[in-house]
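Student: I would like the atomic coordinates for the input below:
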Amino acid sequence: MASRKMAKPARATSSGSFTDDLEFQRLISKVAWMYHVSNLSQSEIAEKLVISQARVSRLLEQAKLNGTVRTEVVVPRGLYTDLESQLESTYNLKEAHVFDVNHTDDESELIDDLGQLLALRLINSGISANVIGFTSWSRSLRSTVTALDNLKNGEARYVVEMLGDVGDPSAQHEAALSTQRLAEIVHAQPMFLRVPGVVESKSLRDSLIKNDPHVQDALRQLDRVELALVGIGTCEIVPPLTGGDNFFTEKQFAQARKEGAVGQVNLRFIDKNGNAIKSSLDDLVVGITLQQLKQADVIIGVAGGPSKFQAIRAAIRGGWVNTLATDVDTAKWLLVNSEV
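Tutor: Sure thing, here's the model as predicted:
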């Protein structure tokens with residue numbers, strides 16, 4: 001694929017920048033599309049986007065005034081309302097966010113960019129939940145938190161880590177700082193899981209939980225998660241993580257693949273159709289279960305790139321993610337391969 005150079009996504013600001021204006025235009029275009037093309041009522045749009053019906057009405061009026069709505073919906077350059085709408089209807093998503101980012105062979109750059117761009121969406125829509133579940137070891141989500149500095153409409157009671165520590169001590173420290181920062185942004189109390197995310201045996205996991213009241217408190221809050229920010233992963237070890245370092249070994253990942261896994265959500269394995277795979281590996285994980293995750297109202301996943309195509313499709317097929325932030329190429333692949 002030919003390389004196409006683009007400017008890196010701008011950091012989210014509240015100073016009336018081009019990115020802020022683009023986000024406002026995106027919201028106008030999305031509402032106009034849903035009303036005039038998808039034939040949703042104003043009340044249905046308000047419920048789907050979690051905004052007031054009065055705001056929907058004002059946005060539709062603005063769409064007329066700025067020329068977005070004439071005899072057709074005109075989407076400003078750089079926005080992908082049509083792809084977002086198709087993803088939402090094809091996979092029954094609450095919302096899809098599709099971004100045009102740098103074409104690069106380095107997927108780590110891609111996920112950093114996606115994380116920053118999701119922050120722009122969240123700054124525009126706000127964050128409100130009693131309990132927020134957070135995958136602190138996800139690089140894309142840490143990038144999101146870093147770019148959320150200027151979030152004004154954010155409120156929660158608890159921010160709870162959804163998986164114990166993975167990786168070396170420096171990685172664990174970085175994850176904890178991200179959890180702390182998100183909690184500060186939404187004026188919430190952080191709740192950490194300061195135990196290994198993956199242990200050697202079920203008995204060790206049970207012992208760790210039994211002897212740590214703070215871990216018990218955090219795990220209880222996972223039953224009450226309303227908004228979940230989750231990590232979508234493949235069934236292999238991706239640097240800087242290493243096998244066996246509070247993480248699954250290559251042998252264990254091979255076992256999961258043999259059992260039909262194509263991806264994992266917070267280290268809970270799923271097959272190509274999104275079905276949860278019942279495995280003894282589940283007993284080794286200290287973190288949210290898929291059953292707990294499914295109870296959340298909004299489950300946001302940030303992922304893209306060829307290596308994660310199948311994992312992303314499985315996650316949204318199974319409903320383990322109902323709000324997806326991804327790139328244009330991944331969105332197109334998901335639509336072309338929705339029936340495979």
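Student: Quick check: buried residues in stretch 115-126?
Tutor: Within stretch 115-126, the residues that count as buried by 16 or more other C-beta atoms under 10 Å are 115-124. The way it works is simple: take the backbone N, C-alpha and C, and place the C-beta from them, glycine included.
Student: That should have said stretch 181-189, apologies.
Tutor: Buried residues in stretch 181-189 (16+ other C-beta under 10 Å): 181-183, 185-186, 188.
Student: Out of the buried residues of stretch 115-126, which one has the lowest pLDDT?
Tutor: Note: of the buried residues of stretch 115-126, the lowest pLDDT belongs to residue 124, at 84.
Student: so the spatially closest residue to that residue that is not a sequence neighbour, which of the three states?
Tutor: Nearest non-adjacent residue to residue 124, counting by C-beta to C-beta, 6 or more residues apart in numbering: residue 23, 4.6 Å away. Under the three-state scheme (DSSP: H, G, I helix; E, B strand; the rest coil), residue 23 adopts helix.
Student: likewise the one 10 residues further on?
Tutor: Here residue 33 is recorded as helix under three-state DSSP.
Student: Next one: the closest residue to it other than its chain neighbours from residue 157, what distance?
Tutor: The shortest distance from residue 33 to any non-neighbouring residue, by C-beta to C-beta, 6+ apart, is to residue 81 (4.7 Å). Applying C-beta to C-beta, to the nearest Å, the value for residue 81 to residue 157 is 34 Å.
Student: ok, these two, which is more surrounded?
Tutor: Regarding residue 81 and residue 157, a neighbour count based on other C-beta atoms under 10 Å identifies residue 81 as having more, with 21 against 15.
Student: Need phi/psi at that one.
Tutor: Residue 81 has phi and psi values of phi -60, psi -40 when expressed as degrees, to the nearest 10.
Student: Can you say which helix or strand has residue 301 in it?
Tutor: Take DSSP states H and E as the rule and residue 301 turns out to sit in strand 298-302.
Student: now for that strand, which elements pack on it?
Tutor: helix 107-125, helix 139-146, strand 227-230, helix 309-317, strand 323-327 (3 or more C-beta pairs under 8 Å, 6 or more residues apart in numbering; DSSP states H and E).
Student: mean confidence for that strand?
Tutor: 96.
Student: Tell me who's in contact with residue 79.
Tutor: By C-beta atoms under 8 Å, 6 or more residues apart in numbering, the contact set of residue 79 is 22, 25-26, 29.
Student: all helices for this protein, in order.
Tutor: With helices called from DSSP state H, the chain shows them at 18-36, 42-49, 53-65, 81-91, 107-125, 139-146, 169-185, 202-210, 213-221, 250-258, 290-294, 309-317, 328-336.
Student: worst-scoring helix or strand of this structure, pLDDT-wise?
Tutor: helix 18-36 (a mean of 84; mean pLDDT, DSSP states H and E).
Student: got the angle for it vs helix 81-91?
Tutor: Put simply, helix 18-36 runs at 60 degrees to helix 81-91, going by axes from the mean of the first three to the mean of the last three C-alpha atoms, to 10 degrees.
Student: coming back round to it: can I get the helices and strands packed on strand 298-302 in TSV including distance to residue 197?
Tutor: Shown next, in TSV, are the helices and strands packed on strand 298-302 (distance: least, C-beta to C-beta, whole Å):
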stretch	distance to residue 197
helix 107-125	19
helix 139-146	15
strand 227-230	14
helix 309-317	18
strand 323-327	23
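Student: Ok, which of those comes nearest residue 252?
Tutor: Residue 252 lies closest, by C-beta to C-beta, to one member of the helices and strands packed on strand 298-302: helix 309-317, at 16.6 Å.
Student: who's in contact with the closest one?
Tutor: 91, 93, 232-235, 262-265, 270-274, 301, 303-304, 321-322, 324, 326, 330, 333-334, 337-338.
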